[in-house]
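> I'd like to go over a predicted model; first the sequence, then the structure.
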Amino acid sequence: METSQHLRDKIIGKVLDHLREHGKMPPTVYAVCRDLQISEKEFYQEFPSLDAVESAHWRNVMDHNIRKVENSSEWQGFNSQQRLLAFLYAYFEDSLCHRSLLLLRFGGLNVLQEPVSFREASQRFLEFARDIVKKAIQEREIADRGRLNDIYPRGLLLQFRTVLDFHLRDTSPGFERTDVLIEKTTRLAFDLMKTSALDSAIDLARWVMAFRNQGAVAKAPCGAM
Amino acid sequence: MPEQSSIPTNALSRMAAIAGAGTKVGVNFVRHYAQAAVSGRLNQDALDAANARDIYKTLSELKGGPLKIAQMLSTDQHLLPAAYADVFSQAQYSAPPLSYPLVARTFRREFGREPLEFFDEFSREAVAGASIGQVHKARRGNLCFAVKVQYPGIADSLRSDLAVVKPLALRLFGLREEDVSDYFREVEERLMEETDYEHELERSLELTGQCACLAGVRFPKFFREYSSRRILTSEWIDGVPFDAYCDGNASQKERDRIGQALWDFYDFQIHELKRFHADPHPGNFLVSDGKLVPLDFGCTKQLDPHFHKRHFAFLDERLLEDDASLERALRELRILLPEDGSAQTRNMLDLCRRSIALLARPFHEGEFNFGDPEYLREIRYLGEQSEREGYGPKMLRGARGSAESLYVNRAYFGLYNLLARLRARVMTVSRFSVANGQSNPVAGGVG
């Protein structure tokens, strides 16, 4: 009897091989099970659908890289900014191992549109980012904005996706430009989080929203004034 | 005739000729060099002030690559006014440093290993900035290392930055592209060379090996096993930065000794090796235990023997006394062009003679005190005068001189500037033969 983890890995491996080779998902769960010589029941005990298999893969990649940097000997000595950088460099270094798959699935996508298959990976990233932000606030690397602190991890996810998007279009030797982008966007992210620039931006956004709402009210017959 | 006057002692005359003739590049850099040395400030009357300010602002806002290029163009204080060059070099240090994770990433990419797999200690923060990278201090056992790590993608951005800066620089100095395209090509070539640390390593090993015979100069060792295209590792030498040494309380005797070491270092490279360290910037030198320590060999220049011979022929004082020979020498170096009218030729001959005599003075005197502010004032006055007389960069057209001279000039202006900062008195007698394969030392003052 195989362990659950072992079986999961086997299924993920098979589905991704098919995806890499044929450029699309296997046609049915049945086909995957036949190739693996397992029952459909065994499959569905692990995954609810083929898409879930792919999601699990991206989450695994994310998790693997986060663990790798968190377990490195220098991690404890790093501040939050260095931790984020260490993760990003590790992730994109590692991404060369499955670049063709990344290109196939996420190449040319809009940064703001999250592919369904990447959602679990994003959740894992957000967990990581929350740890980073928590430490950064504790050690006063960035400003404590109370309830607004929740937007930090989201912002870092947006940065991650921006870098990913750029990386997939990067053609510089050794993907050096991706390194430059990681360096510059991380510096910018931390600068924004530590200064009042972000407060000003939020203030502006709130004013614009309020103004918009007011505009909507003004259209009503007994409008403001 | 220049070819036969086999006593070329040093390079100045070439730059003197350019300056005197009022080539676009020349006049500007002589004048600004001199101004910087005298007052440390830009004389706004001397430049198209408003224009220059605008362009300077644009350049300094670009930072990074353009900064490096501005520094190259300024040939540290020559092409660009000194005041600007100063600001540029300060701005350099405010460029954000590479993070440690990126340095580690670069190590993994270049060697497949982390810094701490090579060294027992490795500084997280950069200990110094280099124009296209930064320096970390490392230790292994008893040995300390200076590990220079290059910014990723710098070659890439330098090339595109040069395209941005070039039109600005042309406007700043009122130059025409076709007149100075050789110079720009030269600058670009050297810049690209500087981004290749493997090349720099070879040059460093070669030059430090060849110069090992020089007393008064100490060279760091370089380590091939810790170097790659993007990482260059040398021995760490504790010492006083050159600027700090100049501003410190070293005695005149000590200053003279360092100055002499500096002079001999260049003399040997230019006349004996015919390949030289073309970046005599104070940041590239330390003083350690009474010895001069050159640090950075990223920018070296090979001299063609024919060029060398013609260029240094100007140091013969007899040349200045003979119009026909002087004219011929200037034509050979394309400082005088066939299309110049006779009146212009005459004026330029006169100007060349004066500037050569002035700029070659240290060589002619055999021993020279670079601490004398009067000398630098004279150079400045000459630059302004040539401008007034209509030989400023905007007046003269045509590509004059050769790109090769750019780095010789850069080296000598840099050298003068360093010696002036040191306030050193040096023996300028060349100890090395320059032409015709003569091997005995030649006196600086000829004739």
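Thanks, I have the structure now.
> Helix, strand or coil: sort out the residue positioned nearest the centre of chain A for me.
By Cα atoms, centre = their mean, the mean C-alpha position of chain A lies nearest to A:Ser122, the distance being 3.7 Å. What DSSP: H, G, I helix; E, B strand; the rest coil gives for A:Ser122 is helix.
> Can you pull the residues of chain A lying near chain B?
Applying Cβ under 8 Å from any Cβ of the partner chain, we find that chain A lies next to chain B at A:73-74, A:77-78, A:81-82, A:85-86, A:88-89, A:93, A:172, A:174, A:176-177, A:179-180, A:182-183, A:186-187. (Glycine included, C-beta is placed from N, CA and C.)
> Now, of these, which are buried?
Buried by 16 or more other Cβ atoms under 10 Å in any protein chain shown: A:74, A:78, A:81-82, A:85-86, A:88-89, A:93, A:174, A:176-177, A:179-180, A:182-183, A:186, out of the residues of chain A next to chain B.
> for chain A, what are the low-confidence residue spans?
Within chain A, the ranges that satisfy pLDDT under 70 run A:1-2, A:214-225.
> domain ranges for it?
By the assignment in automatic domain parsing, chain A contains the domains A:1-47, A:53-194, A:195-225.
> Which strand or helix spans B:Val149?
Assigned by DSSP states H and E, B:Val149 belongs to strand B:143-150.
> Without its sequence neighbours, what residue ends up closest to A:Ala143?
A:Lys194 (5.8 Å; Cβ to Cβ, 6 or more residues apart in numbering or on different chains).
> got a list of what that neighbour touches?
A:Lys194 is in contact with A:Glu141, A:Ile142, A:Ala143, counting by Cβ atoms under 8 Å, 6 or more residues apart in numbering or on different chains.
> Can you flag the buried ones in those?
A:Glu141, A:Ile142, A:Ala143.
> what about the second one, is that helix, strand or coil?
The one in question is A:Ile142. Secondary structure, three-state DSSP: A:Ile142 is coil.
> Give the phi and psi angles for it, as a check.
Backbone torsions of A:Ile142, given as degrees, to the nearest 10, read phi -130, psi 160.
> now the first one
Backbone torsions of A:Glu141, given as degrees, to the nearest 10, read phi -70, psi -30.
> OK, contacts around it?
By Cβ under 8 Å, 6+ apart, A:Glu141 lies in contact with A:Asn79, A:Ser80, A:Gln81, A:Lys135, A:Phe190, A:Lys194.
> Out of those residues, flag the one nearest to chain B.
A:Gln81 (7.2 Å; Cβ to the nearest Cβ).
> how close does the residue nearest to the centre of chain A sit to A:Glu141?
23 Å (Cβ to Cβ, to the nearest Å).
> and if you look at A:Ala197?
15 Å.
> Residue numbers of chain B in contact with chain A?
Counting by Cβ under 8 Å from any Cβ, the residues of chain B close to chain A are B:96, B:98-102, B:104-106, B:108-109, B:116, B:124, B:151-153, B:156.
> Direction included, what does the host helix or strand of B:Ala138 pair against?
Element membership for B:Ala138 (DSSP H and E) is strand B:133-140. According to DSSP bridges, strand B:133-140 forms sheet pairs with strand B:121-122 (antiparallel), strand B:128-130 (antiparallel), strand B:143-150 (antiparallel).
> circling back to that earlier point, mind checking which of the residues of chain A next to chain B land in helices?
A:81-82, A:85-86, A:88-89, A:93, A:176-177, A:179-180, A:182-183, A:186-187 (DSSP state H).
> Which parts of chain A are helices?
Counting by DSSP H, chain A has helices at residues A:4-22, A:29-36, A:40-46, A:50-70, A:80-94, A:99-106, A:119-138, A:151-169, A:176-194, A:197-218.
> Could you do the stretch 251-400 of chain B as well?
Per DSSP state H, counting those that start in this stretch, the stretch 251-400 of chain B carries helices over the ranges B:252-268, B:305-312, B:317-321, B:323-332, B:342-359, B:361-365, B:373-386.
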